[in-house]
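Enquirer: Have a look; sequence and predicted model below, questions after that.
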Amino acid sequence: VSAPRLGRAFAAHNFAGVIGFGTSPILVGTIAAVAGWRPALVTAGAIGLAVALALLASRTHLATAAARREEAHRQKGRAGEASFARIVAMPVVLLAFAYFVLTAFAGAGIQSFAIAALGEGYGATLAFATLAVAAYQLANAAGSLFGGYLADRGEHHHRIAMTGLALAALMVGTAAQPGLSLPLVTALLAGAGFANGATAPSRDVLVRRAAPDRGVGKVFGIVYSGFDVGNLLAPLAYGAVLDRHAPNLVFALTAAALAMAIFTVLGVGARTRVEARPVSR
């Protein structure tokens, strides 16, 4: 993808991911309700195989000129490639990893625990609480598309990401206040989803710029694994909060994670120019 369109490309990537996360429970849940969990699981696996076959059939279209040049370099040797240990030790990579941990932690808090929190702490029905979380997810997807245009129109991607995180933290933190009406809480969550989604393309552009030319795959592999770590830690924290009957703390924890992520973006933005150079083994 050419540099002037990189933000929108990342936006399309993130948008597709949000849509996938949002539609998979509907598809798999419906099949499970009608035919049982085994056919639902087989269907999910079959979709993965179908995508793999489609990629295999389209492999000639995926072999871009840049990829062919990279393969030619590979054939000549791996000199100049950044080692895994060297990349892990890069401060900018560690900061980006922390960012993904914190934002995944926050996202899991809304997507997996907000329904229970809204029911216990705000008296929401299951249908209304589900609607509120759906509003967050849809707004997140829309924010990602908007963020793609922002990322392609500006150079200060860390400022875009920091602003979006700050707005999201402010709105989720406000939703944690007791006594708010359900429509207001829903509007705050939707606003937070949009603001958080708008940060994603700028975030990915920052990571891409920070990656050494011969280590892009390793960098994205490391930082994106932060999603898994954040999603692993979130149930432990949010589950403990709900067990103590403190549903408002679900939103307070989410706001705190988003606020802490601002400092990781600040560090990534400050170090990007320093780290974005080829590294030798």
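Expert: All right, it came through fine. Note that this is a predicted model, so its numbers are computed, not measured.
Enquirer: so is residue 178 in a helix, a strand, or just coil?
Expert: State at residue 178, reduced to three classes by DSSP: H, G, I helix; E, B strand; the rest coil: coil.
Enquirer: Next one: it relative to residue 121, how far apart?
Expert: 8 Å (C-beta to C-beta, to the nearest Å). All C-beta atoms are positioned from the backbone trio N, CA, C, and that covers glycine.
Enquirer: Give the intersection of the neighbour lists for these two.
Expert: With contacts defined as C-beta atoms under 8 Å, 6 or more residues apart in numbering, the residues shared by residue 178 and residue 121 are residue 248.
Enquirer: Touching, residue 195 and residue 161? I think so.
Expert: No. At 10.4 Å, residue 195 and residue 161 do not qualify as touching, with contact defined as C-beta atoms under 8 Å.
Enquirer: between these two, which one's more packed in?
Expert: Higher neighbour count among residue 195 and residue 161: residue 161, with 32 against 25, using other C-beta atoms under 10 Å.
Enquirer: show me what contacts the more buried one?
Expert: 199, 202, 203, 206, 265, 269.
Enquirer: Three-state assignment for it, please.
Expert: Assignment for residue 161 (three-state DSSP): helix.
Enquirer: could you check the distance from it over to residue 231?
Expert: Here residue 161 is placed at a distance of 20 Å from residue 231 (C-beta to C-beta).
Enquirer: Over to residue 189?
Expert: Residue 189 is 19 Å from residue 231, by C-beta to C-beta.
Enquirer: Counting neighbours, go ahead and name the busier of those two.
Expert: A count of neighbours by other C-beta under 10 Å puts residue 189 above the other of residue 189 and residue 231, at 27 against 16.
Enquirer: Residue 178 and residue 121 - which one has more neighbours?
Expert: Ranked by neighbour count (other C-beta under 10 Å), residue 178 and residue 121 place residue 121 first, with 20 against 8.
Enquirer: In the helix or strand harbouring the more buried one, which residues are buried?
Expert: Using DSSP states H and E, residue 121 falls within helix 91-122. Residues 92-122 are the ones in helix 91-122 that count as buried (16 or more other C-beta atoms under 10 Å).
Enquirer: re the thing from before, if you rank the contacts of residue 161 by neighbours, which is first?
Expert: residue 199 (33 neighbours).
Enquirer: The helix or strand harbouring that residue packs against which elements?
Expert: In this assignment (DSSP H and E), residue 199 forms part of helix 182-210. Judged by 3 or more C-beta pairs under 8 Å, 6 or more residues apart in numbering; DSSP states H and E, helix 182-210 is in contact with helix 6-35, helix 91-122, helix 126-153, helix 157-175, helix 216-243, helix 248-275.
Enquirer: mind redoing it with 6 Å?
Expert: helix 6-35, helix 91-122, helix 126-153, helix 157-175, helix 248-275 (3 or more C-beta pairs under 6 Å, 6 or more residues apart in numbering; DSSP states H and E).
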